[in-house]
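Colleague: show me how the following folds:
(chains A and B)
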Number of protein chains: 2
Amino acid sequence: MNGVRVAGVGLTRFGSHPERTGRDLFAEAAAGAFTDAGVDRGAVEELNVGNFMGAIAEHQGHQAPLLAEAAGVRCPATRYESACASAGVAVREAVRTIRSGEADVVLAGGTERMTVLDTEAATDGLAIAADDLFEVRAGVTFPGAYALMARAYFEAYGGGRRELAHVASKNHANAVPNEYAQYRREVSVEEALDAPPVATPLHLYDACPITDGASALVLVSDEYAAANGLDAPVSVTGTGQGTDRMALADRTDLARTPAATDAATTAYDDANLGPADVDLAEVHDCFTIAEVLAIESLGLADPGEGIGAARDGRTTADGDIPVNLSGGLKAKGHPVGATGGSQIAELTRLLRGDHPNSGHVPDAEVGVAHNAGGTVASAVVHVLEVRG
Amino acid sequence: MNGVRVAGVGLTRFGSHPERTGRDLFAEAAAGAFTDAGVDRGAVEELNVGNFMGAIAEHQGHQAPLLAEAAGVRCPATRYESACASAGVAVREAVRTIRSGEADVVLAGGTERMTVLDTEAATDGLAIAADDLFEVRAGVTFPGAYALMARAYFEAYGGGRRELAHVASKNHANAVPNEYAQYRREVSVEEALDAPPVATPLHLYDACPITDGASALVLVSDEYAAANGLDAPVSVTGTGQGTDRMALADRTDLARTPAATDAATTAYDDANLGPADVDLAEVHDCFTIAEVLAIESLGLADPGEGIGAARDGRTTADGDIPVNLSGGLKAKGHPVGATGGSQIAELTRLLRGDHPNSGHVPDAEVGVAHNAGGTVASAVVHVLEVRG
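Modeller: Got it, this is the predicted structure:
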């Protein structure tokens, strides 16, 4: 099995880009990834891209050929859609393609244009990630669904709004130095607590924003990196994917996310390591409660212990295991189909030492990325390691 | 590299199912595939599904978890979207997954619900497979786009409406005995010529219909088939994928489909055979001209020779290389995200000898499936062989 390296990463600034299309954003991210990698775009053998709601936001499906054009590559190109885990799945298949020897160089990432929709239309568009027949038509929106999960968690394990506010405050603080982040400003715990409710117990700062943006990764085989003298110290050593029932009503426990647990177990086994080896993580905090569920699924906190991790400083920038040093979906932003690639790009920068927040993790060698779709009906976990 | 066998196939009847959802259709197809394979659904390790316009027709994205539920499997599940080639790409990735040893049993296929939309809405929904900025906003629809391709072909090589009418008539004749086909009635060449125009030179019988339907394949490794004593004589021995520029205006020659040529070349090389070895083909005849372009890309006819193939009886049921013995998209129907899986299901039945049209190809050993997206900006080709 061939080893896989992250040769280069590219990102757009996350935020509102009202005059730019999804393809235009991906072109920028891809160009950045090629420059960062020192790999010519002509070397790319396959393209895997995530996109979630292009059919709604841009009246555009069949994005793979368009994004190949935007990236300037000509090769088989495939779009993946697993709601908010779209790019995570695209990256995972790229990793498997290189491992199997099918290709040595794959461009993977994703793009999403969302701010072209008003809040109502965006909420309705995002709702296609839930079960239309049994959730959406009954009035469930994503803030509502995660509010149900937060209530279930509080009932099962305790904790409350104050602990979630610590998650928001932590991630906003992490975003301040990140040049790609949508919201580069601090939010205090009290400010988060005082914000208006969205779906009780979730208030404004418990929710990630609507975001435009793109991500791109040049993934290469170990052999290709060596043969071409690439400076690519970060390897993808583990990948895992999990799938759960779609509708919350069909789940046995709303305070757990077994799809992510399955994905993490597979990824750790694949990398031949475990949660105790992890130095930092980027997790899918579409809502603050989602970060809590994520770190428990990753085994970075025991069930019921995740809620206090930010409050107690265990997951803050200088904690034992910093979580979402990028700012997370919460403050860096969440262009849905791009997020899974962004997480791996940010982890790569953090592990290489060229991220504005790398100073918080100078000795980090193992990072984990956790990307979830919907209410974690889909999940993808990747393990990244510095391999020198 | 592990060999891949088609252990079982399942299809719904293609047509109008006004009271059934896409997931319900897929449940039927999957159940049929498990029964046909003699494989328990609990053995499935991964699910790959194609779906194109669920976001528009059913307000439903993130279909992979839903379709896993519908099929009764619990495993990593991934949705693929490459317009009309969605299921072809899903099958291709399943083949690569088994080959690499990542899994021994993968369920692959697709589903689409379309007749819930009226003609105008369906035409608008299908248009997301073209370039929204540079084609759709200028008024291009798919009948219009393929009409441009037909005109370019006629200008380059000759031929006209009568030759296309022979394609329609042939495929309608093939669909008559097919229990899964949408239109099981003969259409004469004169009837096709007399039908009203849709986009000149394409008339009504040059276009495939709007269709609901699903397809499913149980794909297994050679080792799994042997260990479990499966009767699975058909192997997938070649797979290839190609990508072209999206907009017709960016192509150099509208009378050629290089993405399909690339896919075919890769698939033939993969299977270590060539066009001369092919006994029958299922090709993507979303319009009659598309069948002509397809057989030329597959090397089954030289450039300029494809237009006369149906007229001259070379591709008819008792011709040298029967094309679309299923009835094709033209008469069997085209539930977009399911079509690529349906083609392989039909080829498998034809090669096994249990298709109503198997009597036309009693000695066939090699079949080719050609699945295209949009105006062939995406293409997937598979080679199937009887391996005893």
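Colleague: what comes into contact with stretch A:148-168?
Modeller: Applying CB atoms under 8 Å, 6 or more residues apart in numbering or on different chains, the set of residues contacting stretch A:148-168 from outside is A:187, A:189-190, A:192-193, A:201-203, A:205-206, A:248, A:253-255, A:285, A:287-293, A:303-304, A:307-308, A:310-311, A:330-331, A:375. Where you see a C-beta, it was placed from the backbone N, CA and C, and this is true even at glycine.
Colleague: mind doing that once more with 7 Å?
Modeller: A:187, A:189, A:192-193, A:201-202, A:205-206, A:248, A:254-255, A:285, A:288-289, A:291-293, A:303-304, A:307-308, A:310-311, A:330, A:375 (CB atoms under 7 Å, 6 or more residues apart in numbering or on different chains).
Colleague: restricted to strands, list those.
Modeller: A:L202 (DSSP state E).
Colleague: narrow the contacts of stretch A:148-168 to just the buried residues.
Modeller: Neighbour-count burial (16 or more other CB atoms under 10 Å in any protein chain shown) applied to the contacts of stretch A:148-168 gives A:187, A:189, A:192-193, A:201-202, A:205-206, A:248, A:254-255, A:285, A:288-289, A:291-293, A:307-308, A:310-311, A:330, A:375.
Colleague: and the most centrally placed residue in chain A, what helix or strand is that in?
Modeller: The C-alpha lying nearest the average C-alpha coordinate of chain A belongs to A:G340 (CA atoms, centre = their mean; 3.6 Å). Per DSSP states H and E: A:G340 is located in helix A:339-352.
Colleague: helices - which of the buried ones among the contacts of stretch A:148-168 land there?
Modeller: A:V189, A:A192, A:L193, A:T288, A:I289, A:E291, A:V292, A:L293, A:K330 (DSSP state H).
Colleague: closest to B:T78 among the residues you listed?
Modeller: A:L293 (22.0 Å; CB to CB).
Colleague: for the closest one, report the pLDDT, please.
Modeller: A:L293 is assigned a predicted lDDT (pLDDT) of 98.
Colleague: excluding chain neighbours, what is closest to it?
Modeller: Once flanking residues are discounted, A:L293 sits nearest to A:T257: 4.8 Å by CB to CB, 6 or more residues apart in numbering or on different chains.
Colleague: the helix or strand containing A:Y80 pairs with which strands?
Modeller: According to DSSP H and E, A:Y80 maps onto strand A:77-81. Applying DSSP bridges, strand A:77-81 is found paired with strand A:46-50 (parallel), strand B:77-81 (antiparallel).
Colleague: next structured bit after that strand?
Modeller: helix A:86-99.
Colleague: ok now that following helix, how far from the chain's centre?
Modeller: 14 Å (CA atoms, centre = their mean, to the nearest Å).
Colleague: that helix and chain B in contact?
Modeller: Yes - residues of helix A:86-99 contacting chain B under CB under 7 Å from any CB of the partner chain: A:V89, A:E93, A:R96.
Colleague: and the closest residue to the second one other than its chain neighbours, what does it touch?
Modeller: In space, A:E93 comes closest to A:N48 once its chain neighbours are excluded; the distance is 5.5 Å by CB to CB, 6+ apart. Counting by CB under 7 Å, 6+ apart, A:N48 makes contact with A:T78, A:Y80, A:A90, A:E93, A:A94, A:V106, A:A108.
Colleague: now the strand or helix carrying A:G10 against helix A:339-352, angle please.
Modeller: Under the criterion of DSSP H and E, A:G10 resides in strand A:4-11. Angle between the axes of strand A:4-11 and helix A:339-352 is 110 degrees (criterion: axes from the mean of the first three to the mean of the last three CA atoms, to 10 degrees).
Colleague: and the residue of the stretch 151-300 of chain A nearest chain B?
Modeller: Nearest to chain B in the stretch 151-300 of chain A, going by CB to the nearest CB, is A:Q241, at a distance of 3.8 Å.
Colleague: that residue - that's part of a strand, no?
Modeller: Yes - judged by DSSP: H, G, I helix; E, B strand; the rest coil, A:Q241 forms part of a strand.
Colleague: how many residues are close by the nearest residue to it once chain neighbours are set aside?
Modeller: Of all residues not flanking A:Q241 in the chain, B:P76 sits nearest, at 3.8 Å (CB to CB, 6+ apart). Neighbourhood size, B:P76 [other CB atoms under 10 Å in any protein chain shown]: 28.
Colleague: mind checking how far A:G61 is from chain B?
Modeller: 4 Å (CB to the nearest CB, to the nearest Å).
Colleague: ok, A:F52 next?
Modeller: Counting by CB to the nearest CB, the gap from A:F52 to chain B is 6 Å.
Colleague: could you do A:R13 as well?
Modeller: A:R13 is 22 Å from chain B, where distance means CB to the nearest CB.
Colleague: ok, and for the worst-scoring helix or strand of chain A on mean pLDDT, which residues are buried?
Modeller: Sorting the helices and strands of chain A by mean pLDDT, DSSP states H and E puts helix A:119-126 at the bottom, at a mean of 94. For helix A:119-126, a neighbour-count test (16+ other CB under 10 Å) marks A:A122, A:G125, A:L126 as buried.
Colleague: what of stretch A:168-184?
Modeller: A:168-175, A:178, A:180-184.
Colleague: what do you get for stretch A:29-38?
Modeller: A:A29, A:A30, A:A31, A:G32, A:A33, A:F34, A:D36, A:A37.
Colleague: list just the nearest of these to chain B.
Modeller: Nearest to chain B among these, with distances taken as CB to the nearest CB, is A:A30, at 14.8 Å.
Colleague: ok, the nearest residue to the closest one once chain neighbours are set aside - how many residues close by?
Modeller: Nearest residue to A:A30, sequence neighbours excluded (CB to CB, 6+ apart): A:A71, at 3.7 Å. Number of residues near A:A71 (other CB under 10 Å) recorded here: 27.
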